[in-house]
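Chemist: Turn this into a model:
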Amino acid sequence: MINLWTFHVHTKAVAMVMTISKILTAVVSCATALMLVHIIPDLLSVKTRELFLKNKAAELDREMGIIRTQEETGRHVRMLTHEIRSTLDRHTILNTTLVELGRTLALEECALWMPTRTGLELQLSHTLRQQNPMTFTVPIQHPSISQVFSTNRAVVISPNSPVAMIRPRTGKYMIGDVVAVRVPLLHLSNFHINDWPEPSKRRYALMVLMLPSDSARRWHVHELELVEVVADQVAVALSHAAILEESMRARDLLMEQNVALELARQEAETAIRARNDFLAVMNHEMRTPMHAIIALSSLLQETELTPEQRSMVETILRSSNLLATLINDVLDLSKLEDGSLELNIRIFNLPSMFREVHNLVKPIASVKKLSVSTNLASDLPEYAAGDDKRLMQTVLNVLGNAVKFSKEGKGHWCRNQSSGYSKAF
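Modeler: Okay, the predicted model is just below:
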């Protein structure tokens, strides 16, 4: 066999050596094969673990990238939030938002659409590149607007949407991707701010962001998340601004009311001082003559008089006392104001009081050529408890008005215990 393999004739020793070598080689090959049978599964297991570790490393790299992106987004959000909330002026908040978003995301244009007072349209109010944007309005029922308002996520819209046509387009360039997000507005049912939209079913503004034209750049997830967070922060800042504006209006109104109250207080104090001065003067000017009349009537009553004259003097004296009591009550207004005016309760002759009233009214009626008669019921008590002077004032006022407004005829009044008094002229 060896001779056939080598094509030469060898000696027996050489043939033996070569045969042994071949046998050993075969044994080694068998041993190697047996070892490979046990090693190959281990190698496959190591290779599988290596692929698993590579996948894990790639996944960790992606997660680290997401974490770095989130940290960057958070940093931008904190920066934007700080800039937005550094003021409570509504227009400054909106302008700052557009400028910071344009700088952070490298936008070509950014705009804010606010609802009109009717709530049926959106009006372009602020833009990034134009200080005084042209007045555009878009129906709020437009499909692209309805799509954005139906979700709180940022939505990629068509560049040909009316809300994306912020300024005239010239040239043949490729329009960048456009994203829109709704901005919740504070419900203004309790606020009435001058140039803010009236409350409506649509309580959202619309923020539109446009990437640079002729660019292959597309919106990334973290950029959309940044836009959504900023929209929520703008909503919070706008609500704070609305509350501040309403608080300032309430403060101004309160200050005006306080000024009006102070003026009213000063006018009241002036009126009180004028009244007190008037009462101080009239206290002397009215009471002094009345006291003189009472004194002279008392002195006249002690002289020799005919019965008719004495009756007249007594009537004058009673009328003077009654008038003095009335003057005291009128001048003492402090008791009338605080309700502390007290009645002088005592026992008095009731029929006599009515006769005195009759005697006081009779001269006045005689001047007007009226006759007055009095009829006291038999069941009328002779004595009563009460303030006879104020009762006399009341009855005298009633009968005096009857005489005053009667032009002719005669008057008759009666008094009984059950039905009170009645009069007829």
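Chemist: alpha carbons only for contacts and neighbour counts from here, please
Modeler: Will do.
Chemist: Which neighbouring elements make contact with the helix or strand where Met18 lies?
Modeler: In this assignment (DSSP states H and E), Met18 forms part of helix 12-85. Here helix 12-85 touches helix 2-6, helix 90-105, helix 221-301, going by 3 or more Cα pairs under 8 Å, 6 or more residues apart in numbering; DSSP states H and E.
Chemist: what's the closest of those to Ala58?
Modeler: Checking the helices and strands packed on helix 12-85 against Ala58 by Cα to Cα gives helix 221-301 as the closest, at 19.3 Å.
Chemist: tilt between that closest one and helix 90-105?
Modeler: Per axes from the mean of the first three to the mean of the last three Cα atoms, to 10 degrees, the angle that helix 221-301 makes with helix 90-105 is 170 degrees.
Chemist: who's in contact with the helix or strand just after helix 221-301?
Modeler: Proceeding N to C from helix 221-301, the next assigned helix or strand is helix 307-331, under DSSP H and E. If you take Cα atoms under 8 Å, 6 or more residues apart in numbering as the criterion, helix 307-331 is touched by 279, 282-283, 286-287, 290-291, 293-294, 297-298, 300-301, 356, 359-360, 389, 393.
Chemist: For ChimeraX, what selects the buried ones among those residues?
Modeler: Buried residues among these (16 or more other Cα atoms under 10 Å), as a ChimeraX selection:
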select :279,283,287,290,293,294,297,300,301,356,359,360,389,393
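Chemist: tell me the pLDDT at Arg169?
Modeler: Per-residue pLDDT puts Arg169 at 63.
Chemist: ok, Tyr158 to Ala106 distance?
Modeler: Not quite, residue 158 is Ser, not Tyr. Separation of Ser158 from Ala106 (Cα to Cα, to the nearest Å) stands at 19 Å.
Chemist: re the thing from before, just send the helices and strands packed on helix 12-85 back as a markdown table, with mean pLDDT too.
Modeler: Listed next are the helices and strands packed on helix 12-85 as a markdown table, based on pLDDT from 0 to 100:
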| stretch | mean pLDDT |
| --- | --- |
| helix 2-6 | 50 |
| helix 90-105 | 82 |
| helix 221-301 | 82 |
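Chemist: who's more crowded, Ser158 and Ala106?
Modeler: Remark: of Ser158 and Ala106, Ser158 carries more neighbours, 16 against 12, as counted by other Cα atoms under 10 Å.
Chemist: Tell me the bridge partners for the nearest residue to that one once chain neighbours are set aside.
Modeler: If the residues on either side of it in the chain are set aside, Ser158 comes closest to Val178, at 6.7 Å by Cα to Cα, 6 or more residues apart in numbering. Listed by DSSP bridges, the beta-bridge partners for Val178 are Ile157, Met210.
Chemist: Quick check: Val403 touching Ala365?
Modeler: Yes - between Val403 and Ala365 a contact is recorded at 6.1 Å, counting by Cα atoms under 8 Å.
Chemist: ok so, going back, okay if I get the helices and strands packed on helix 12-85 as CSV plus distance to His142?
Modeler: Shown next, in CSV, are the helices and strands packed on helix 12-85 (distance: least, Cα to Cα, whole Å):
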stretch, distance to His142
helix 2-6, 92
helix 90-105, 24
helix 221-301, 21
